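In: dropping a prediction and its sequence here:
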Amino acid sequence: MHVTDFMPIPSGGELEEGQHELYRLVEVKKGTVNVGLLFEPRFNYARSSAILEKFNGGVIANSDGEKVVLSSTIDFAVGDGKAEATWPLSEGDRVWLHLQYCGDEPCELDPRKAENSLQDTQSYWWNWLTKSETGRTFDFGPYCTMINRSALVLKLLYYNPTGTIAAAATTSLPEEIGGERNWDYRYTWVRDTSFTLQALFNLGHLSETEGYLRWIEKILAEHGADTMQIMYGLRGEKDLPEEELHHLDGYKGSRPVRLGNEAANQRQLDIYGEIMGAALKLSDYVGKVDSKLWPLLRNICEHVVAH
């Protein structure tokens with residue numbers, strides 16, 4: 001059996017506002033297998049229950065104004081706050097599932113549209129991996145697959161609407177199993193982002209650095225270098241209050257699970273150098289500092305000298 005999960009990207013490469021969806025394709029390559037489905041969504045970090053409502057081709061989960069819609073090419077039963085099914089599948093069988101958060105009105109899953117989405121998404125990622133905006137090309141030999149996979153992970157952490165880069169895709173992954181150093185890293189750190197941009201630049205990707213520096217310019221225009229934080233929310237949020245969720249077990253029993261990160265209030269003076277390092281990469285490539293970027297860099301230098 002072969003399972004493919006992907007978040008669709010249209011052929012133009014630009015996501016629509018509010019587009020939050022996931023496809024799953026289940027294919028049986030050889031023999032027969034029983035495939036089980038359990039859909040039991042929990043909202044607000046499992047602090048809110050959901051009401052499930054079946055429709056032709058899927059199920060809608062509602063909770064306090066939020067909704068998640070699951071549709072499938074094979075039917076399933078709904079009851080007691082969950083949807084379940086067991087499908088006996090044979091060689092050549094293909095089952096599509098589609099999960100969408102707060103989307104349009106629910107409709108039946110169209111396998112042709114799903115297949116086209118898969119092809120468009122694969123093309124987008126292959127094109128991104130193979131393009132070089134800096135003109136650099138490398139032969140990584142036996143490490144090529146490993147490096148490509150790492151580059152994809154870094155790119156997936158890039159938040160295109162603002163140009164920020166998350167340090168992690170989920171909260172509370174422990175530094176050691178069973179330990180309590182399980183922080184929420186779903187934010188953009190100036191330092192970590194600079195290192196990520198350096199890695200992407202070394203692989204030939206330039207647009208992420210340009211997007212991030214535009215965001216930094218916006219942040220400093222609003223708040224100034226004097227009040228610049230070491231980290232922000234992906235949309236520029238400054239206030240990231242920390243909270244522990246004691247009703248959740250955490251990864252392999254590593255508690256507590258945390259939301260927010262009070263490290264936003266820490267003072268770490270290396271952030272100015274990290275910004276300058278990212279700007280230097282960009283200026284080295286184009287041969288000069290962008291005139292629009294220069295006031296930002298000058299103000300950072302003046303702030304560092306004064307303090």
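Out: All right, it came through fine.

In: stretch 68-81 - what's its average pLDDT?
Out: Averaged across stretch 68-81, the pLDDT comes to 92.

In: please apply the same query to stretch 32-52.
Out: If you average the per-residue pLDDT over stretch 32-52, you get 94.

In: which positions within that stretch qualify as buried?
Out: Of the residues in stretch 32-52, those buried under the neighbour-count criterion (16 or more other Cβ atoms under 10 Å) are 35, 37, 39, 41, 43, 50, 52. From N, CA and C alone the C-beta is placed, and that goes for glycine too.

In: quick one: contacts of it?
Out: Contact with stretch 32-52 is made by 1, 26, 59-64, 66, 68, 70, 72, 76, 78, 81-91, 95, 97, 245, 247-248, 257, 259, as judged by Cβ atoms under 8 Å, 6 or more residues apart in numbering.

In: ok, of the buried residues of stretch 32-52, which one's closest to residue 235?
Out: Minimum distance to residue 235 across those is 20.6 Å, recorded for residue 43 (Cβ to Cβ).

In: chain neighbours aside, what residue packs nearest to the closest one?
Out: Residue nearest to residue 43 in three dimensions, not counting chain neighbours: residue 63, with 4.0 Å by Cβ to Cβ, 6 or more residues apart in numbering.

In: residue contacts, that neighbour?
Out: Residues near residue 63 by Cβ under 8 Å, 6+ apart: 41, 43-44, 48-51.

In: how about residue 183?
Out: The contact partners of residue 183, by Cβ under 8 Å, 6+ apart, come to 171-172, 258, 261, 263.

In: of the residues you listed, which is the most crowded?
Out: For the contacts of residue 183, the largest number of neighbours (other Cβ atoms under 10 Å) sits with residue 172, at 23 neighbours.

In: how about the nearest residue to that residue once chain neighbours are set aside, secondary structure?
Out: If you skip the residues right next to it in sequence, residue 172 has residue 182 as its closest partner in space, 4.0 Å away by Cβ to Cβ, 6+ apart. State at residue 182, reduced to three classes by DSSP: H, G, I helix; E, B strand; the rest coil: coil.

In: repeat for residue 67
Out: For residue 67, the assignment made with three-state DSSP gives strand.

In: any idea how far it lies from residue 41?
Out: Note on residue 67: its distance to residue 41, by Cβ to Cβ, to the nearest Å, is 10 Å.

In: shared neighbours, those two?
Out: Applying Cβ under 8 Å, 6+ apart, one finds that residue 67 and residue 41 are jointly contacted by residue 61.

In: can you give me the neighbour number for residue 54?
Out: Once other Cβ under 10 Å is used to define contacts, residue 54 is seen to have 14 neighbours.

In: then residue 112?
Out: Under the criterion other Cβ under 10 Å, the count of neighbours that residue 112 has is 7.

In: gap between it and residue 153?
Out: Applying Cβ to Cβ, the value for residue 112 to residue 153 is 30 Å.

In: over to residue 47?
Out: Residue 47 is 29 Å from residue 153, where distance means Cβ to Cβ.

In: name only those of the contacts of stretch 32-52 that count as buried.
Out: 26, 59-61, 63, 68, 70, 72, 76, 78, 82-83, 85, 87, 89, 95, 97, 245, 248, 257.

In: from these, which land in strands?
Out: Those of the buried ones among the contacts of stretch 32-52 mapping onto strands are 26, 59-61, 63, 68, 70, 72, 78, 82-83, 85, 87, 89, 95, 97, 245, 257, per DSSP state E.

In: quick one: low-confidence residue ranges for this protein.
Out: For the chain, the stretches with pLDDT under 70 are 11-18, 103-104.

In: break it into its domains for me.
Out: Under the assignment automatic domain parsing, the domains of the chain span 2-108, 140-306.

In: which helix is the longest one in the protein?
Out: Under DSSP state H, the helix in the chain containing the largest number of residues is helix 111-130.

In: CA atoms of the next helix or strand after that one as CSV?
Out: Using DSSP states H and E, the helix or strand that directly follows helix 111-130 along the chain is helix 144-156. This file holds the C-alpha atoms of helix 144-156, laid out as CSV (Å, rounded to 0.1, in the frame of the first residue of the first chain):
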residue,chain,number,x,y,z
CYS,A,144,21.6,15.1,-3.1
THR,A,145,18.4,13.4,-1.7
MET,A,146,19.2,14.3,1.8
ILE,A,147,19.9,18.0,1.0
ASN,A,148,16.8,18.3,-1.2
ARG,A,149,14.7,16.9,1.6
SER,A,150,16.2,19.4,4.1
ALA,A,151,15.7,22.3,1.7
LEU,A,152,12.1,21.4,1.3
VAL,A,153,11.6,21.4,5.0
LEU,A,154,13.1,24.9,5.3
LYS,A,155,11.0,26.2,2.5
LEU,A,156,7.8,24.7,4.0
